[in-house]
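here's my sequence, what's the structure:
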Amino acid sequence: MMQTFKPYEEHRHRSPRKLRFMLYTVSSSRYRLKTEGKTFTDETMGIAIKLINEKNHEIIETDVIDDDIDMIREILRNAVQRDVDVIVFMGGTGLARRDVTIEAVKPLLDKEAEGFGEIFRLESYKEIGAAAALTRATAGVYAGRVVMCLPGSPSGVELALKTFLDELPHFVYLAKS
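Just a heads-up that it's a prediction; the model follows:
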């Protein structure tokens with residue numbers, strides 16, 4: 001007898017098991033340290049790498065980039081030329097003048113997953129209260145790739161990845177469909 005699945009179960013069944021990630025910390029201060037050749041600890045990147053590796057996914061690139069619309073867009077456009085499933089920008093999602101990740105990425109998205117930001121802010125609200133409303137974290141699809149724009153705080157990245165990592169294969173399946 002053939003097994004039947006509900007649509008979301010069918011998608012999960014057909015979803016890739018191992019995803020390929022590109023991770024970028026968006027921070028002018030850390031970028032400046034990098035370009036000056038100074039050492040620094042990127043705790044946010046460390047948490048992202050740890051959580052992704054725990055799920056046996058592959059990280060093909062990590063970098064620190066500037067809070068610069070043109071640089072962010074160039075990184076995104078170049079990323080899709082590579083064999084990558086998920087592109088994650090960490091930082092630049094707040095309300096400060098220098099926070100431009102959303103302005104850089106959102107206009108390029110083919111589809112936005114509005115529920116991502118809603119769920120992230122709800123889960124964040126449970127931890128930090130009304131301050132959760134100050135993030136513009138979002139996710140969507142660009143050229144068949146999943147793009148996530150997360151806060152730059154270690155706790156924000158940890159919350160987002162713990163909340164969504166298990167659903168990302170399904171998201172990738174839909175993005176490539």
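
mind listing the helices for this structure?
Using DSSP state H, the helices of the chain run over 7-14, 28-35, 43-54, 69-79, 101-105, 114-128, 154-164, 168-176.

looking at these, which one is packed in the most?
Most buried of these, by mean neighbour count (mean count of other C-beta atoms under 10 Å): helix 101-105, with a mean of 22. From N, CA and C alone the C-beta is placed, and that goes for glycine too.

just checking the distance from that one to the centre of its chain.
12 Å (C-alpha atoms, centre = their mean, to the nearest Å).

residues in contact with that helix: which ones?
Applying C-beta atoms under 8 Å, 6 or more residues apart in numbering, the contact partners of helix 101-105 are 26, 67, 69-70, 72-73, 76, 89, 91-93, 136, 138, 140, 142, 147, 149.

contacting residues around the nearest residue to Glu127 once chain neighbours are set aside?
Distance criterion C-beta to C-beta, 6 or more residues apart in numbering; nearest residue to Glu127, sequence neighbours excluded, is Leu159 at 6.7 Å. The neighbours of Leu159, taking C-beta under 8 Å, 6+ apart as the test, are 120, 123-124, 127.

try it again with 10 Å
Neighbouring residues of Leu159 by C-beta atoms under 10 Å, 6 or more residues apart in numbering: 120, 123-124, 126-128, 132, 137, 150-151, 153.

for these, which one is nearest Ala48?
For the contacts of Leu159, the closest approach to Ala48 (C-beta to C-beta) belongs to Leu150, at 8.4 Å.

so the closest one versus Asp66, what's the distance?
Look at Leu150 and Asp66: by C-beta to C-beta, to the nearest Å, they are 17 Å apart.

ok, Gly129 next?
Note on Gly129: its distance to Asp66, by C-beta to C-beta, is 31 Å.

isn't Arg145 up against Leu168?
No. The pair Arg145 / Leu168 is not scored as a contact, 11.4 Å apart, by C-beta atoms under 10 Å.

overlap of the contact sets of those two?
Common neighbours of Arg145 and Leu168 (C-beta under 10 Å, 6+ apart) are 85-86, 175.

including distance to Ile60 and pLDDT, could these go into TSV?
Output for the shared contacts of Arg145 and Leu168, formatted as TSV (distance: C-beta to C-beta, whole Å; pLDDT from 0 to 100):
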residue	distance to Ile60	pLDDT
Asp85	10	98
Val86	10	98
Ala175	17	96
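
pick the one among the residues you listed closest to Glu114.
Ala175 (15.0 Å).

residues contacting that closest one?
85-86, 110-111, 113, 140-147, 168.

leaving out sequence neighbours, find the closest residue to it.
Val141 (4.4 Å).

from memory that neighbour sits against Asp85, does it?
No. Using C-beta under 10 Å as the test, Val141 is too far from Asp85 to be in contact (11.1 Å).
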